[in-house]
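Asks: what follows is a protein structure lacking sequence information:
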Ligand code: AMP
Ligand code: ZN
């Protein structure tokens, strides 16, 4: 499979690795949004949240928790954004699931995760909430 992140896991292309276990690999993003920006991925290829197994997603989440703690200790950011994009419509570029860990400092100029709040239609919100609840299996 021609997947750049699978190639990183298999050491076919270089990366700056910071963490590895049975299921998970983490490495520095080479186009960092901020100092310390890193990516946490499952070793087994899965394009998005819909393809990854629950066990691998739990492992990625657990490693993300460990790594966020290490980032805090190493760089002392004033905040951290976690981002995980699924599908082109959500701006995912590399189709191998990854969690971005982005350290944040006040006034760092990043506009990610910054949006204007607009009050929604409560009836519509309730109906959609019910629709999702009913779809749980
Ligand atoms: P996304 O939009 O969530 O799919 O983001 C993909 C991320 O992968 C971007 O932040 C890229 O900078 C990063 N990226 C792409 N290729 C590499 C690579 N070879 N090594 C490290 N990071 C990469
Ligand atoms: Zn892959």
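Replies: Okay, I see it. Everything quoted here is computed from the prediction, not taken from an experiment. Ligands and ions are numbered 1, 2, ... in the order given.
Asks: residue 100: what secondary structure?
Replies: strand (DSSP: H, G, I helix; E, B strand; the rest coil).
Asks: partners of it in the sheet?
Replies: residue 39, residue 83 (DSSP bridges).
Asks: can I assume it is in contact with residue 80?
Replies: No: under the criterion of CB atoms under 8 Å, residue 100 makes no contact with residue 80, lying 10.0 Å away. In this view, the C-beta of every residue, glycine as well, is placed from N, C-alpha and C.
Asks: mind listing the strands for the protein?
Replies: For the chain, the strands defined by DSSP state E cover 17-20, 24-28, 38-42, 79-83, 99-104.
Asks: now do the contacts for residue 47.
Replies: Contact analysis of residue 47 by CB atoms under 8 Å, 6 or more residues apart in numbering lists 95-97.
Asks: ranking the strands of the chain by burial, who's on top?
Replies: strand 38-42 (a mean of 24; mean count of other CB atoms under 10 Å).
Asks: returning to that earlier point: reformat the contacts of residue 47 as a markdown table; add neighbour count and distance to residue 4.
Replies: Listed next are the contacts of residue 47 as a markdown table, based on neighbours: other CB atoms under 10 Å; distance: CB to CB, whole Å:
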| residue | neighbour count | distance to residue 4 |
| --- | --- | --- |
| 95 | 17 | 9 |
| 96 | 23 | 7 |
| 97 | 25 | 13 |
